[in-house]
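Asks: Requesting a structural model of the entry that follows:
(2 chains)
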Amino acid sequence: MPRYLIRRLGQAVLVVAGVIALTFVIMRLVPGDPAVAYAGPKAGPAELAQARARFGLDDPVWTQLWNYVRDLFSGDWGTSLHTRQPVAHDLATAFPASLELVGAALIVAVLAGVPLGILAARYHTKFPDLSVRLSSMLAVSVPVFWLALAVQTLFASTLGWFPVAGEYDTRLDVTSPLHVYTNITAVDALLTGNWPILTSTLAHLVLPALVVAAYPAGLIAQMTRAALIEETGRDHTRMERALGFGETALLTRFALRPAAAPVLSLIALVFAYAIVNGFLVEAVFNWPGLGRYAADSIRSLDTPAIAGVTLLVALLYVVANLVVDLLQSLIDPRVRTR
Amino acid sequence: MTTVELRGTPLRRVGNLARADVLATVGAVILAVIVLAALLAPWLAPYPADGGSATHPAEALLPPGADHWFGTDQVGRDVFTRILFGARTSLFIAVAVLGLAAVAGVTLGVVAGYAGGVVRDVIMRITDVFLAFPALLLSLALAVVLQPSVTTVIVAIAVTWWPWYARLTASVAQSVAGRGFIDAARCLGVPAPKIVFRHVLPNSLTPVLVQLSLDAGGVILTASALSYLGLGAQEPAAEWGLMVEQGQTLFTTDWWVVTFPGLAILVTAFAFNVLGEGLRAGLDPHRRAR
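Replies: Next up is the predicted model:
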């Protein structure tokens, strides 16, 4: 195990280095002068020179890369051009809201996807299987921004069942102000027993979380179905069937555990994807997360902010993958020799 | 599990696959209709001029009816016409992205798989780096620093898509490289580049072809998302994601402006996905053996 751990950690460090270098390269491709973007179109030559000196734009590329890496590690992720705040600070404020949305969506996706996958495998090639395949295919094929608009129009604007946009009713900040610990509103409200804000947050969360959940739920259902069908083709299933276990017990009592490994790694892969997919949903529902921040940054061509969001999500992906690989190597020692 | 008879003429094989997988057949039929619609858009469209910058302010936002099957948009253009022309944009983007990504990915992958050792490790670590960026995210960053256009979308998505083909090809090529006929070629003194591209490559392509049809739906979804964010096709181009963006504030009052372009994306991505799944289940020798 220690050898596997060291090798896997070494790989992760290499990937992180590559991720930082690639982000730097992409941001260097910016057409136009970042100094102009910062100082504004009316700035004179003196102000431009000052901005250039401030961002080290006159230094050689290698010095700039070195400074970039050094600043990243000391927590200086640059200054956003549109909020004029440190990017690290902006990300720290926006990320918990995204985590709240994606966390809720992934819980929904697992709770819906796994049982649907079991149902499809239980009635393989029968009607329930076909309908699960059809609906999971539709779930992974639907453009998420359009689904968000459709759901918002139907259930919020027209029927009025749920709030249209936002994270919670901000008028509650006056009547029952929230103590902030984790910055995740639902968690903070729960911890401090702030029921008005908790119920308001949950009501606001339903529609965007369901929309973000569609894609991962479809994937998880397909993966669970495929893994279970494969598992029931093995000898142990024949043995269990001979021992008189029912068809449902074969799946839930015996096949589900070995089938869980691929589903687990899928969830980690889907996590980073769901955060990015959440960007589009956040924009529609005005959810105060990374997506809205990214959308605002795109509009103002705010490269330091875009670089920050890109880097953060890529790092999350690397970490999520590392955690899953290590978990799997604990569950299944065969993984280590691969 | 349904077993598919894979002997006989190609036509019979297709027929067997069709009977074995209803969903995939539906996908193939839908896809054929979409491809025909894209190719024949200028002749099929009731108002071909509306595919571009034409405006008819007097006919703005007419609901669906006999003259305009899918209604008209905010400047009076026929939505059905623009959907047909949008199929051209989407299919063109999908073909271009997958072509670029497959050429780059397969070339690197086959080299990695045949060479093994350090070469393989280096190429695989590079793919790891690119895979750490979800496709939409890296495309987003690239699309911001480049000028928004269809070309930008193609380049941005292709950059994030090639590593999948590199990894897939590498693993297949590695097992092909270990087979007897490759050893034989090496013993006969065939130069390495020729072995790689004449012998290993053609025998490693089937899984990539299946993956391409599976991925086309994802490429179309990503491209439409970039256009929706304003980073792709620009007005007056007919592009489904852009049409949703332009009509989104009108959803409650004039539902057809947003509903039909969204459905077009959904149906196209769905057709590619079910067809790809069907091909994978039917043609993948690993699955078939089980």
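
Asks: what's the longest helix anywhere in chain B packed up against?
Replies: Ordering each helix of chain B by length in residues (DSSP state H) puts helix B:79-115 first. Packing contacts for helix B:79-115, counted by 3 or more Cβ pairs under 8 Å, 6 or more residues apart in numbering or on different chains; DSSP states H and E, involve helix B:22-39, helix B:41-44, helix B:117-131, helix B:150-177, helix B:205-228, helix B:240-247, helix B:256-283. Bear in mind the C-beta positions are built from the backbone N, C-alpha and C, glycine included.

Asks: what does the stretch 51-200 of chain B put close to chain A?
Replies: By Cβ under 8 Å from any Cβ of the partner chain, the residues of the stretch 51-200 of chain B that approach chain A are B:125-126, B:128-130, B:132-134, B:136-138, B:140-142, B:144-147.

Asks: thinking again about what came up before, tell me the most buried of the helices and strands packed on helix B:79-115?
Replies: helix B:240-247 (a mean of 26; mean count of other Cβ atoms under 10 Å in any protein chain shown).

Asks: near chain A, anything from that one?
Replies: Yes: Helix B:240-247 is in contact with chain A by Cβ under 8 Å from any Cβ, via B:241, B:244.

Asks: after the worst-scoring helix or strand of chain A on mean pLDDT comes which helix or strand?
Replies: The weakest-scoring helix or strand in chain A, judged by mean pLDDT, DSSP states H and E, is helix A:34-39 (a mean of 65). Using DSSP states H and E, the next helix or strand after helix A:34-39 towards the C-terminus is helix A:45-55.

Asks: next SSE after that following helix?
Replies: For helix A:45-55, the following helix or strand on the C-terminal side (DSSP H and E) is helix A:61-73.

Asks: Just give me how far that next one sits from the chain centre.
Replies: Chain-centre distance of helix A:61-73: 27 Å, with Cα atoms, centre = their mean, to the nearest Å.

Asks: For the residue nearest to the spatial centre of chain A, list the residues it contacts.
Replies: With distances taken as Cα atoms, centre = their mean, the residue of chain A nearest its centroid is residue A:275 (2.4 Å). By Cβ atoms under 8 Å, 6 or more residues apart in numbering or on different chains, the residues touching residue A:275 are A:98, A:102, A:290, A:313, A:316, B:134.

Asks: Now it: which helix or strand?
Replies: Using DSSP H and E, residue A:275 maps to helix A:256-285.

Asks: which other helices and strands contact the helix or strand just after that helix?
Replies: Under the assignment DSSP H and E, the closest C-terminal helix or strand after helix A:256-285 is helix A:290-299. Judged by 3+ Cβ pairs under 8 Å, 6+ apart, helix A:290-299 is in contact with helix A:87-122, helix A:256-285, helix A:303-331, helix B:135-145.

Asks: what about 7 Å?
Replies: Applying 3 or more Cβ pairs under 7 Å, 6 or more residues apart in numbering or on different chains; DSSP states H and E, one finds that helix A:290-299 contacts helix A:87-122, helix A:256-285, helix A:303-331.

Asks: residue ranges with poor pLDDT in chain B?
Replies: Counting by pLDDT under 70, chain B shows low-confidence ranges at B:1-20, B:143, B:283-290.

Asks: which residue is nearest the middle of it?
Replies: For chain B, the residue nearest the mean C-alpha position is residue B:216 (1.9 Å; Cα atoms, centre = their mean).

Asks: For residue B:72, give me the backbone phi and psi.
Replies: For residue B:72, the backbone dihedrals (degrees, to the nearest 10) come out as phi -130, psi 160.

Asks: you'd agree residue A:289 is up against residue A:94?
Replies: Yes: the pair residue A:289 / residue A:94 is scored as a contact, 5.3 Å apart, by Cβ atoms under 7 Å.

Asks: For chain B, what's its nearest residue on the stretch 101-250 of chain A.
Replies: residue A:146 (3.4 Å; Cβ to the nearest Cβ).

Asks: In what element of secondary structure is that residue found?
Replies: Using DSSP H and E, residue A:146 sits within helix A:144-151.

Asks: what is the mean pLDDT for that helix?
Replies: Averaging pLDDT along helix A:144-151 gives 91.

Asks: Against which helices or strands is it packed?
Replies: Secondary-structure packing of helix A:144-151 (3+ Cβ pairs under 7 Å, 6+ apart): helix A:195-231, helix A:256-285, helix B:256-283.

Asks: how close does residue A:12 get to chain B?
Replies: Distance of residue A:12 to chain B, computed by Cβ to the nearest Cβ, to the nearest Å: 9 Å.

Asks: Nearest residue to that residue in space, please, no chain neighbours.
Replies: The shortest distance from residue A:12 to any non-neighbouring residue, by Cβ to Cβ, 6 or more residues apart in numbering or on different chains, is to residue A:322 (4.9 Å).

Asks: Next to chain B, which bits of the stretch 151-300 of chain A? Give me the list.
Replies: Taking Cβ under 7 Å from any Cβ of the partner chain as the contact definition, the stretch 151-300 of chain A meets chain B at A:153, A:157, A:158, A:229, A:230, A:233, A:272, A:273, A:276, A:280, A:294, A:298.

Asks: Other residues contacting stretch B:202-215?
Replies: If you take Cβ atoms under 7 Å, 6 or more residues apart in numbering or on different chains as the criterion, stretch B:202-215 is touched by B:98, B:102, B:106, B:110, B:165, B:168-169, B:172-173, B:176, B:272-273, B:275-277, B:279-280, B:283-284.

Asks: go with 6 Å
Replies: With Cβ atoms under 6 Å, 6 or more residues apart in numbering or on different chains as the test, stretch B:202-215 has contacts from B:98, B:106, B:165, B:168, B:169, B:172, B:173, B:176, B:275, B:276, B:279, B:280.

Asks: which residue packs closest to the residue nearest to the centre of chain B, ignoring adjacent ones?
Replies: Of all residues not flanking residue B:216 in the chain, residue B:272 sits nearest, at 4.2 Å (Cβ to Cβ, 6+ apart).

Asks: cool, and residue A:228?
Replies: The shortest distance from residue A:228 to any non-neighbouring residue, by Cβ to Cβ, 6+ apart, is to residue A:121 (3.8 Å).
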